[in-house]
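**Student:** One predicted model, sequence on top.
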Amino acid sequence: MGSDGESDQASGTSSDEVQSPVRVRMRNNHHRRISTEDINKRLSLPADIRLPEGYVEKFAMNSPPFDKPMSRRLRRASLSEIGFGKLETYIKLDKLGEGTYATVFKGRSKLTDNLVALKEIRLEHEEGAPCTAIREVSLLKDLKHANIVTLHDIIHTDKCLTLVFEYLEKDLKQYMDDCGSIMSVHNVKIFLFQLLRGLDYCHKRKVLHRDLKPQNLLINDKGELKLADFGLARAKSVPTKTYSNEVVTLWYRPPDVLLGSTEYSTPIDMWGVGCIFYEMITGRPLFPGSTVEDELHLIFRILGTPTEETWPGITTSEEFKSYNFPHYQAEPFVSHAPRIDSDGLNLLLMLLRFEAKKRVSAEEALKHSYFKSLGQEVQTLADSDKFLKDLKLKPLFFNMV
């Protein structure tokens, strides 16, 4: 899929050419039927892959008993014979987007007949490309949550690394555009809760996303929102480490990072959540700066230039002093977002605090009174539970309330 020849192979192979399942040794019990769960356990398949009708029966046919668990080498061989890790297992359809290192295609799995997203990462580009790919793979294989995109398969060739994800119809930016920039406040609440839910799961596992923006939040036709694009994400150990400050798209980057801080933790993501919350409510980005200095000016014009009271230690920061910012007075935030209620405004301001350690955490935000109308049941969902089981989005153009 990384070259024209490979692309032809992915899109032109008939379903008959996919290898038949390997005969994995199963327990010697002729009355026991092998289940999809058994296959998942034996072969480490992604938990929510739907196998085609009749596939389980075919897999179990004439399978001799086993005495020991499968070795990692045998498990990999088994996955390969089923069709995982092979380009010809997937049919490449439409091109969805392209970045510096990767191109994303809509595709279809011949194993399940489900739509998938094929993220092709070019390995011949620069040294940074494999690094971001390895980081994304290593994190996503351990992140299993209803509000985090599922990584189904990995295909490695000489020129290309292809990550196979579950397919979601659009991202949050496209959804907002489809709404004509005015989204139902009910839907805003549902999307924000799902964003916080996925982020809370990451943060409890010491994973920082570091690139939250509407384009990296994917939505399916059921209204389920999932965090995606973990190429900049980091596993954050408990001791504070020094990272690059060249993270997070400019409009969603917190002021401490804009001012050069390389020591940060989970609050780096919470500022971005606040910016996205505002953008969903108003239909426009909160701080659409063109440069770092412009971004800081926009932030301070609305929130006020920070002082020792609002951001202890800021007046001694050499980076801050070098800009010589005017003394802006904070503006009433409700004038910028009149559709937001008092609870929503309170939560928004808690997300947009200058001092990183004072920003509300994802766990705390989920318990905020702003989400009271969603009911108590949403607070006790398991990681794998679908959030929209009982709650429904309002129609796309049911606006204003």
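**Tutor:** Yes, it's here. Numbering: from 1, shown residues only.
**Student:** where exactly do the helices run in the stretch 301-401 of the chain?
**Tutor:** With DSSP state H, counting those that start in this stretch as the criterion, the stretch 301-401 of the chain has helices at 318-323, 342-351, 362-366.
**Student:** Check the stretch 51-200 of the chain too.
**Tutor:** 55-60, 72-82, 128-140, 172-178, 185-204.
**Student:** Least confident of those, on average?
**Tutor:** Among those, helix 55-60 carries the lowest mean pLDDT, at a mean of 46.
**Student:** gap between stretch 90-106 and the chain center?
**Tutor:** With C-alpha atoms, centre = their mean, to the nearest Å as the basis, stretch 90-106 stands 17 Å off its chain's centre.
**Student:** Stretch 327-342 now?
**Tutor:** 29 Å.
**Student:** I'd like the C-alpha coordinates of it written as PDB, please.
**Tutor:** Provided in PDB are the C-alpha atoms of stretch 327-342 (Å, rounded to 0.1, in the frame of the first residue of the first chain):
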ATOM      1  CA  HIS A 327      -1.900  44.700  30.700                       C
ATOM      2  CA  TYR A 328      -5.200  43.300  29.400                       C
ATOM      3  CA  GLN A 329      -8.200  43.200  31.600                       C
ATOM      4  CA  ALA A 330     -10.200  39.900  31.600                       C
ATOM      5  CA  GLU A 331     -13.400  40.100  29.600                       C
ATOM      6  CA  PRO A 332     -16.700  38.700  30.700                       C
ATOM      7  CA  PHE A 333     -16.600  35.200  29.100                       C
ATOM      8  CA  VAL A 334     -20.300  35.000  28.800                       C
ATOM      9  CA  SER A 335     -20.200  37.700  26.100                       C
ATOM     10  CA  HIS A 336     -18.100  35.400  24.000                       C
ATOM     11  CA  ALA A 337     -20.200  32.300  24.500                       C
ATOM     12  CA  PRO A 338     -23.800  33.500  25.300                       C
ATOM     13  CA  ARG A 339     -25.300  30.000  24.700                       C
ATOM     14  CA  ILE A 340     -23.400  28.400  27.500                       C
ATOM     15  CA  ASP A 341     -25.200  28.000  30.900                       C
ATOM     16  CA  SER A 342     -23.700  28.900  34.300                       C
END
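**Student:** buried stuff in that stretch?
**Tutor:** By neighbour count with 16 or more other C-beta atoms under 10 Å, stretch 327-342 contains the buried residues A337, R339, I340. Heads up, the C-betas are built off the backbone N, CA and C, glycines and all.
**Student:** wait, what's in contact with the first one?
**Tutor:** If a contact means C-beta atoms under 8 Å, 6 or more residues apart in numbering, then A337 has Y278, I281, T282, L345, L348 as its contacts.
**Student:** Adding neighbour count and distance to T315, write those residues out as JSON lines.
**Tutor:** Formatted as JSON lines, the contacts of A337 follow (neighbours: other C-beta atoms under 10 Å; distance: C-beta to C-beta, whole Å):
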{"residue": "Y278", "neighbour count": "24", "distance to T315": "27"}
{"residue": "I281", "neighbour count": "24", "distance to T315": "32"}
{"residue": "T282", "neighbour count": "19", "distance to T315": "32"}
{"residue": "L345", "neighbour count": "16", "distance to T315": "28"}
{"residue": "L348", "neighbour count": "23", "distance to T315": "26"}
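**Student:** Tell me which two of the residues you listed sit farthest apart.
**Tutor:** Within the contacts of A337, two members stand farthest from each other by C-beta to C-beta: T282 and L345, at 12.3 Å.
**Student:** could the helices of the stretch 301-401 of the chain go into CSV alongside mean pLDDT?
**Tutor:** Shown next, in CSV, are these (pLDDT from 0 to 100):
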stretch, mean pLDDT
helix 318-323, 95
helix 342-351, 98
helix 362-366, 98
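**Student:** so where do the strands sit in the stretch 151-300 of the chain?
**Tutor:** 151-156, 160-166, 170-171, 207-208, 217-219, 225-227, 234-235 (DSSP state E, counting those that start in this stretch).
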